[in-house]
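**Student:** Test case, fold it:
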Amino acid sequence: MQTSLISNRINANDAQEADDILRRCVHCGFCNAVCPTYQLQGDERDGPRGRIYLLKQLFEGEAVTQKTQFHLDRCLSCKSCETTCPSGVKYGRLADIGRNVIEQQVGRPWHQRRLRQLLMLTLPYPQRLKPLLRVAYLLRPLFSSKLKNKLPIQRPCPVWPAIRHPQRVLLLEGCVQRGLAPHIDALAAVVLDQVGISAVRQPNAGCCGALNYHLSDHNGSLNFMRRMIDTCWPQIESGVEAIIMTASGCGVMLKDYAHLLREDALYAEKAVQFSALARDLSEVLRSEDLSALNVTPRKLAFQSPCTLQHGQHLNGVVEEILRRLGFELTPVIDGHLCCGSAGTYSILQPQLSEQLRANKLQHLQNGQPDMIATANIGCLLHLQQIVDVPVVHWVELLAEGLST
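**Tutor:** This next block holds a predicted model:
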């Protein structure tokens with residue numbers, strides 16, 4: 001693709017990156033075939049190829065309009081297109097650069113601005129989110145059925161195991177998951193302990209920065225990243241072997257620190273080391289002897305989150321672990337497509353999100369599984385709202401037979 005980007009629309013570093021990405025695109029359209037929103041809408045502007053043209057026009061100085069913003073807002077950032085693209089177009093990064101430019105030049109209606117501000121002021125901060133949740137649970141009897149279903153199922157949280165093994169990893173608890181489902185990380189720590197790995201906690205690490213980044217608050221996001229590195233650095237220096245997240249959405253962001261902080265003179269080198277240590281839980285457990293886990297094999301549908309299969313390129317890793325442990329995994333049609341959660345997408349784009357969820361649940365339940373497992377807190381909460389089959393994080397299955 002021929003380009004002619006102008007310097008007053010985009011900073012030099014982003015301009016060079018955007019130009020490199022755009023020049024890779026050969027307009028083949030393979031991306032549209034795997035794009036969830038294009039499949040629903042049938043509009044070229046709601047597929048990666050059309051959005052790439054909109055972004056090219058934006059970077060070349062054409063008028064920035066709310067229409068461009070509208071179609072970029074409808075993108076899930078699922079990166080299914082990247083997995084399919086034969087030319088290696090990093091569409092997700094291009095979209096992030098474009099959204100940031102548009103956010104600075106196109107105004108939003110006041111209610112959209114307030115909602116986005118509210119999300120950024122609450123979700124990344126467990127100390128703010130938890131009191132709101134306590135109030136919500138107290139008022140739950142007064143809610144409509146639909147609103148009741150949006151509240152996560154509360155589960156008991158086991159005691160975090162003591163540090164007793166030479167092999168240590170840093171297990172980050174994040175923000176949203178720490179507020180809504182803290183038992184997931186505690187169970188992961190129990191499972192790791194059982195296989196001979198001690199999980200170190202870092203309670204003050206906070207948010208990884210993903211939420212702000214995808215809401216085009218890049219400065220706020222970078223500050224979260226710097227704080228994360230500063231907080232975790234003593235553990236890195238002490239020799240932890242990996243930095244683990246059980247939420248795949250956070251994991252893909254941690255692995256991107258090296259790229260996103262590459263121009264920061266104070267943090268670039270640390271970010272490279274940090275990202276090199278970042279691992280999804282499945283990457284650690286796949287090489288361990290799991291025979292000590294007393295699991296109860298069942299018929300299971302696994303929903304592989306976009307951030308796991310397209311973001312971290314770990315499609316099939318969790319599935320192989322579950323099969324090793326005796327679970328029967330049912331086939332899932334269109335398993336590459338997003339469930340519609342996509343961070344705050346289910347809040348900001350509820351109609352499209354609900355359509356995608358309905359399609360995903362139909363495909364997940366086609367094989368009549370006993371339960372559905374996933375690897376990301378957003379997907380878990382989104383799916384369990386309207387389905388009778390239990391939806392769990394996959395680590396819950398590994399911890400069932402352990403003393404917690």
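**Student:** Low-confidence bits of the protein, can you list those?
**Tutor:** 1-10, 144, 147-148, 403-404 (pLDDT under 70).
**Student:** How far does stretch 324-331 sit from its chain's centre?
**Tutor:** How far stretch 324-331 lies from its chain's middle: 24 Å, per C-alpha atoms, centre = their mean, to the nearest Å.
**Student:** Which residues belonging to it are considered buried?
**Tutor:** Across stretch 324-331, burial judged by 16 or more other C-beta atoms under 10 Å covers 325, 327, 329-330. Where C-beta positions appear, they are placed from N, C-alpha and C, glycine not excepted.
**Student:** Could you export those residues as CSV, including secondary structure and distance to Glu173?
**Tutor:** Formatted as CSV, the buried residues of stretch 324-331 follow (DSSP: H, G, I helix; E, B strand; the rest coil; distance: C-beta to C-beta, whole Å):
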residue, secondary structure, distance to Glu173
Leu325, coil, 25
Phe327, coil, 26
Leu329, strand, 28
Thr330, coil, 31
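**Student:** Save the residues you listed as CSV, and put in distance to Leu364 too.
**Tutor:** Below are these laid out as CSV (distance: C-beta to C-beta, whole Å):
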residue, distance to Leu364
Leu325, 20
Phe327, 15
Leu329, 11
Thr330, 8
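**Student:** Out of those, which comes closest to Arg262?
**Tutor:** Leu329 (38.6 Å; C-beta to C-beta).
**Student:** coming back round to it: return the closest of the buried residues of stretch 324-331 with respect to Val252.
**Tutor:** Leu329 (22.8 Å).
**Student:** wait, the closest one sits on Leu300?
**Tutor:** Yes. Using C-beta atoms under 8 Å, Leu329 makes contact with Leu300 at a distance of 5.6 Å.
**Student:** what's the overlap in contacts for these two?
**Tutor:** Leu322 (C-beta atoms under 8 Å, 6 or more residues apart in numbering).
**Student:** Ser80 against Pro36, yeah?
**Tutor:** Yes. With contacts counted by C-beta under 8 Å, Ser80 reaches Pro36, the gap being 7.1 Å.
**Student:** Give the helix, strand or coil label for Ala373.
**Tutor:** What DSSP: H, G, I helix; E, B strand; the rest coil gives for Ala373 is strand.
**Student:** That one pairs with what?
**Tutor:** With DSSP bridges as the criterion, Ala373 is bridged to Phe302, Val392.
**Student:** count of neighbours near it?
**Tutor:** Look at Ala373: counted by other C-beta atoms under 10 Å, it has 26 neighbours.
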